[in-house]
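> Turn this into a model:
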Amino acid sequence: MIAISAIAEAIASRRRGEVVRLALDREPAGGAGGSGQWRRHEAFALARPAVSGSGAGDRDPVPDTAGSDDQAAGETGAHPSAAPLAPLRERPHRRDLQAAPAVDLSDPERLNRVLEELDALPGLEAVADQVRAMAQRVLVDKKRRAAGLAVTPMEVHAIFAGPPGTGKTTVARAWGRVLGALGRLPRGHVVEVSRRDLVAGYVGQTAERTAAKLDEARGGVLFIDEAYALAKEGAGDFGAEATEEILKRMEDERDNLCVIAAGYEREIDLFLDSNPGLRSRFARMVRFADYPAEALIEIARTQAGRLDYNLDADADAVLRRRLAALLAAPPTGWANARSIRQVLDQAIEAQVTRLADRPEPSREELATLTAVDLGLALARSFGEPGGGL
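Numbering: from 1, shown residues only. The predicted structure follows:
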């Protein structure tokens, strides 16, 4: 029974945010990510330099790993761009990822470490390629500058458009780390905000509040989640005031600030149309797609393994069958990786109930989630197969 109590306590701890959650999922407001290394997919523990923000909206947070790049630079007093740049790492074929060398966290070159972490994220291969293309542009520009050739200014502001739970926040953090490692931004840290962090209820307060967040992001990335919420119309709404302040800083501090606006693809157009200057400022559009079933299954396995659980063969089959139906007709509230975390939470609770009356469950039983556990979890989260929610 001691083991059962430990499981219950672990679940309670997870609700308090004391256990690292899936990289592509929501982080509690003000919560600090845990540390640790992913065994199969290290990228789910993407290190991030001091990220701040309210945690509201559709965030896809990543657990911190001990000793971020920004912290390391701060301790040595060295500018992040002082580290020598190694040749840019090419993206391996997916089948080669298991054979890729382990990430050397003592390596002074941070760029290839970030790219390797991105390559290991299931379902984000196309997005990782766009980050790599941006890095290649910065490297070539450096070579042109060294050769005495003119360099066209490169815009780094971006729109991240896609459904919830698809890794937009995860990639934003990597985006900042890449720009910091290349010296394109002085630091590369990320400040996460939503409408409530920028907009106040009285004239003049919104500009002041927005300016404070922009000051905090200076040298790194301002990540605006659910940016379309700034485009709300109506008397007494000051979202437009926040947008004007952001636009001014994007131009005035183009070498010292990156702004990423994120949201659902259809709604993000509302934000871009809310001010004539927005579309021209955001030169890059990164589109995120719903995860395919295989990526979601891999995410489920990885998250379960991170918490010392595993899915037995029957549980894996149940998840695979239900995912096929869920992806064919996504229910209201479906959120990709975030929904997988929800199912896993419910499966762990079902396992606790199943084992609670056993006096001495084995270690294997304590670590295994069965088809019964997954079936109950999926039914609680999304209804019975073929039924309503």
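> for the stretch 251-389 of the chain, what are the low-confidence residue spans?
Where the stretch 251-389 of the chain drops to pLDDT under 70, the residues are 386-389.
> can you pull out the strands in it?
258-263, 284-287, 310-311, 368-369 (DSSP state E, counting those that start in this stretch).
> what's the third one packed up against?
The one in question is strand 310-311. Helices and strands touching strand 310-311, by 3 or more CB pairs under 8 Å, 6 or more residues apart in numbering; DSSP states H and E, are helix 293-306, strand 368-369. To be clear about C-beta, it is placed using only N, CA and C from the backbone, and glycine gets the same treatment.
> I'd like those as JSON lines, with mean neighbour count and distance to Asn112 appended.
Formatted as JSON lines, these follow (neighbours: other CB atoms under 10 Å; distance: least, CB to CB, whole Å):
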{"stretch": "helix 293-306", "mean neighbour count": "20", "distance to Asn112": "22"}
{"stretch": "strand 368-369", "mean neighbour count": "20", "distance to Asn112": "35"}
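> where does the stretch 51-200 of the chain dip in pLDDT?
51-109.
> Now do the helices for it: every range, in order, please.
69-76, 111-119, 125-146, 168-182, 195-198 (DSSP state H, counting those that start in this stretch).
> which residues are in contact with the third one?
Where contact means CB atoms under 8 Å, 6 or more residues apart in numbering, the residues beyond helix 125-146 that reach it are 85, 88, 91, 94, 111, 115, 118-119, 121, 150-152, 154, 156, 167, 171, 174-175, 178-179, 182-184, 284, 286, 288-289.
> Go through it and flag the buried ones.
Val127, Ala128, Gln130, Val131, Arg132, Met134, Ala135, Val138, Asp141, Lys142 (16 or more other CB atoms under 10 Å).
> gap between the last one and Leu230?
Translated: Lys142. 35 Å (CB to CB, to the nearest Å).
> Check Gly176 too.
21 Å.
> try Glu208
For Glu208, the distance to Leu230 - CB to CB - is 16 Å.
> With neighbour numbers in mind, choose between those two.
Leu230 (28 against 11; other CB atoms under 10 Å).
> Quick check: nearest residue in space to that one, chain neighbours excluded?
Nearest non-adjacent residue to Leu230, counting by CB to CB, 6 or more residues apart in numbering: Gly239, 3.9 Å away.
> ok, Pro163 - contacts?
Counted by CB under 8 Å, 6+ apart, Pro163 has contacts Tyr264, Glu265, Phe288, Ala289, Asp290, Ala335, Asn336.
> residues touching the residue nearest to the second one when sequence neighbours are not counted, list them.
Put plainly, it is Glu265. Sequence neighbours aside, Ala161 is the residue nearest to Glu265 in space, at 4.1 Å (criterion: CB to CB, 6+ apart). Going by CB under 8 Å, 6+ apart, Ala161 touches Ala262, Gly263, Tyr264, Glu265, Ile268, Met285, Val286, Arg287, Phe288.
> Test of understanding: give the bridge partners of the second one.
Looking back up the chat, that one is Gly263. Ala161 (DSSP bridges).
> now it: how far from Val114?
Taken as CB to CB, the span from Gly263 to Val114 is 24 Å.
> likewise the last one?
Using CB to CB, Phe288 is found at 18 Å from Val114.
> For those two, indicate the residue with more neighbours.
Val114 (29 against 24).
> Does the more buried one touch Leu179 like I think?
No. Using CB atoms under 8 Å, Val114 is not in contact with Leu179; the gap is 10.0 Å.
> I figured Phe160 hits Ala261, correct?
Yes. The pair Phe160 and Ala261 qualifies as a contact (CB under 8 Å) at a distance of 7.3 Å.
> Looking at these two, which has the bigger crowd around it?
Between Phe160 and Ala261, counted using other CB under 10 Å, the more crowded position is Phe160 (29 against 25).
> which ones are touching that one?
Lys168, Val171, Ala172, Ile260, Ala261, Ala262, Gly263, Val286, Phe288.
> quick one, what contacts Glu241?
So Glu241 contacts Val199, Thr206, Ala207, Thr210 (CB under 8 Å, 6+ apart).
> let's see it at 10 Å
Shown in contact with Glu241 (CB atoms under 10 Å, 6 or more residues apart in numbering): Leu198, Val199, Ala200, Val203, Gly204, Gln205, Thr206, Ala207, Glu208, Arg209, Thr210, Leu230.
> same thing with Val156?
134, 137-138, 175-176, 178-179, 184-185, 221, 254-255, 257-260, 283-284 are the contacts of Val156 under CB under 10 Å, 6+ apart.
> Compute the distance between it and Leu355, please.
The value you get for Val156 to Leu355, if CB to CB is used, is 51 Å.
> Equivalent analysis for Ala313, please.
For Ala313, the distance to Leu355 - CB to CB - is 19 Å.
> Just give me the neighbour total for the nearest residue to Gly375 once chain neighbours are set aside.
Nearest residue to Gly375 in three dimensions, chain neighbours excluded: Val318, at 5.5 Å (CB to CB, 6+ apart). Residues lying near Val318 (other CB under 10 Å) number 22.
> Show the contacting residues for Val318.
Taking CB under 10 Å, 6+ apart as the test, what Val318 contacts is Leu311, Asp312, Ala347, Thr370, Ala371, Val372, Asp373, Leu374, Gly375, Ala377, Leu378, Pro385.
> Need the helices and strands packed on strand 310-311 in a markdown table (columns: distance to Leu327).
Shown next, in a markdown table, are the helices and strands packed on strand 310-311 (distance: least, CB to CB, whole Å):
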| stretch | distance to Leu327 |
| --- | --- |
| helix 293-306 | 6 |
| strand 368-369 | 21 |
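> Out of the ones you listed, the one nearest Gly277 is which?
Comparison of the helices and strands packed on strand 310-311 against Gly277 by CB to CB identifies helix 293-306 as nearest, at 36.5 Å.
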